[in-house]
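K.L.:
For reference, the sequence and a predicted model appear below.
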Amino acid sequence: MLFKKNTEMDAFVIAEVGQNHQGNLDVAREYIRIFSHEGADAIKFQTRNNKYLFSEDAYAGQYSSENAFADTYGAHREALELKPEWLGILKKDCEKYNVKFMSTPFDEPSLMLLHDVDVDIVKIASFDLGNLPFISKISQLNKPTVMSIGGGQLEQIKSSAEMFSDHTGGLAILHCVSEYPCEYNRLGLENIQMLIAQFPNFSIGLSDHFNGTLSGPVAYLQGARVFEKHVTLNRAWKGTDHSFALEPDGFRKFVRDIKRVPAMMKSK
């Protein structure tokens with residue numbers, strides 16, 4: 001099984017690129033090359049079909065923000081997307097650098113695109129928690145799946161997780177606070193123990209938006225074994241996620257410190 005239970009020692013660490021590639025294929029490929037060398041087990045992107053997701057009015061609406069990449073919301077979103085024909089290239093790069101290719105589908109057409117390129121791991125975003133028709137389609141792929149819970153209620157988490165009761169690919173449920181960034185005193189890492197108790201048949205982990213590295217080893221001590229961390233090549237770049245993401249050296253230390261914890265806990 002790709003993801004380990006809290007009783008096992010191995011950690012699985014995901015470098016979350018999201019849309020920090022700025023819609024540039026060369027930059028997206030550079031993320032794979034660099035963060036594979038910094039210890040990532042998987043490199044995660046996001047896949048959207050914006051015309052499917054948004055109404056015509058929302059898509060054409062004016063968009064004004066210091067992080068805007070275009071004057072309308074639709075054009076802004078499109079400027080940040082990976083083109084469908086790039087997904088196969090990124091999958092091959094992940095194979096080259098011995099990491100898993102992972103993405104979050106935000107809609108059914110995007111899920112089918114990921115299926116066509118044989119994505120290694122599928123991510124369910126927090127806001128799709130409880131979206132049982134969509135989650136059912138994801139579970140039918142029988143791929144290793146990671147699900148963030150954000151502000152979801154326990155019943156939503158249970159109903160979503162039940163879709164994977166006969167799933168052989170494996171499910172990891174990640175504690176997550178949907179704040180960007182999330183301050184250290186808002187992380188709520190004790191929730192990891194609750195998830196372990198409630199979902200003993202699944203792997204439990206952490207997806208956090210804290211702009212430091214300490215959350216990793218602390219979450220490991222709470223029982224987390226799957227970790228998702230936002231990454232960037234430059235915190236000063238334009239965009240909403242760069243400022244709290246880890247640059248390569250920070251991510252290397254994040255992975256290093258998580259994987260040192262088991263050795264620290266052993267008696268002589």
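P.N.:
Yes, it's here.
K.L.:
Give me the distance between stretch 105-118 and the centre of its chain.
P.N.:
16 Å (Cα atoms, centre = their mean, to the nearest Å).
K.L.:
What are the buried residues along that stretch?
P.N.:
Pro105, Phe106, Asp107, Ser110, Leu111, Leu113, Leu114, His115, Val117 (16 or more other Cβ atoms under 10 Å). For glycine as for every other residue, the C-beta is placed from the backbone atoms N, C-alpha and C.
K.L.:
Need the residues that contact it.
P.N.:
Here stretch 105-118 makes contact (Cβ atoms under 8 Å, 6 or more residues apart in numbering) with 46-49, 52-53, 84, 87-88, 91, 101, 103, 122-123, 125, 128, 134, 137-138, 141.
K.L.:
make it 7 Å
P.N.:
Under the criterion Cβ atoms under 7 Å, 6 or more residues apart in numbering, residues 46-49, 52-53, 84, 87-88, 91, 103, 122, 125, 134, 137-138, 141 lie in contact with stretch 105-118.
K.L.:
From the buried residues of stretch 105-118, which land in helices?
P.N.:
Ser110, Leu111, Leu113, Leu114, His115 (DSSP state H).
K.L.:
now the first one: how far from Phe127?
P.N.:
If you measure Ser110 against Phe127 using Cβ to Cβ, to the nearest Å, the figure is 14 Å.
K.L.:
before we move on, what about the third one?
P.N.:
In this structure, Leu113 lies at 20 Å from Phe127, with Cβ to Cβ as the measure.
K.L.:
do Arg225 as well
P.N.:
Counting by Cβ to Cβ - Arg225 and Phe127 are separated by 24 Å.
K.L.:
More neighbours: which of the two?
P.N.:
Arg225 (25 against 13; other Cβ atoms under 10 Å).
K.L.:
Now that the more buried one has come up, it's in contact with Phe202, right?
P.N.:
No - the criterion here is Cβ atoms under 7 Å, and Arg225 misses it with Phe202 at 10.6 Å.
K.L.:
which stretches of the protein aren't confidently modelled?
P.N.:
268 (pLDDT under 70).
K.L.:
residues contacting Ile138?
P.N.:
By Cβ under 7 Å, 6+ apart, the neighbours of Ile138 are Leu111, Val122, Ile124, Thr145.
K.L.:
Export those to a markdown table and append columns for distance to Lys96 and secondary structure.
P.N.:
As requested, the contacts of Ile138 are exported to a markdown table (distance: Cβ to Cβ, whole Å; DSSP: H, G, I helix; E, B strand; the rest coil):
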| residue | distance to Lys96 | secondary structure |
| --- | --- | --- |
| Leu111 | 25 | helix |
| Val122 | 21 | strand |
| Ile124 | 27 | strand |
| Thr145 | 24 | strand |
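K.L.:
Adding distance to Asp241, write the residues you listed out as CSV.
P.N.:
Supplementary listing: these in CSV, determined by distance: Cβ to Cβ, whole Å:
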residue, distance to Asp241
Leu111, 22
Val122, 20
Ile124, 19
Thr145, 22
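K.L.:
buried ones in stretch 212-223?
P.N.:
Those would be Thr213, Ser215, Gly216, Pro217, Val218, Ala219, Tyr220, Gln222, Gly223, for stretch 212-223 by 16+ other Cβ under 10 Å.
K.L.:
Now do Val117 against Tyr97, distance only.
P.N.:
16 Å.
K.L.:
Same question for Tyr52.
P.N.:
For Tyr52, the distance to Tyr97 - Cβ to Cβ - is 31 Å.
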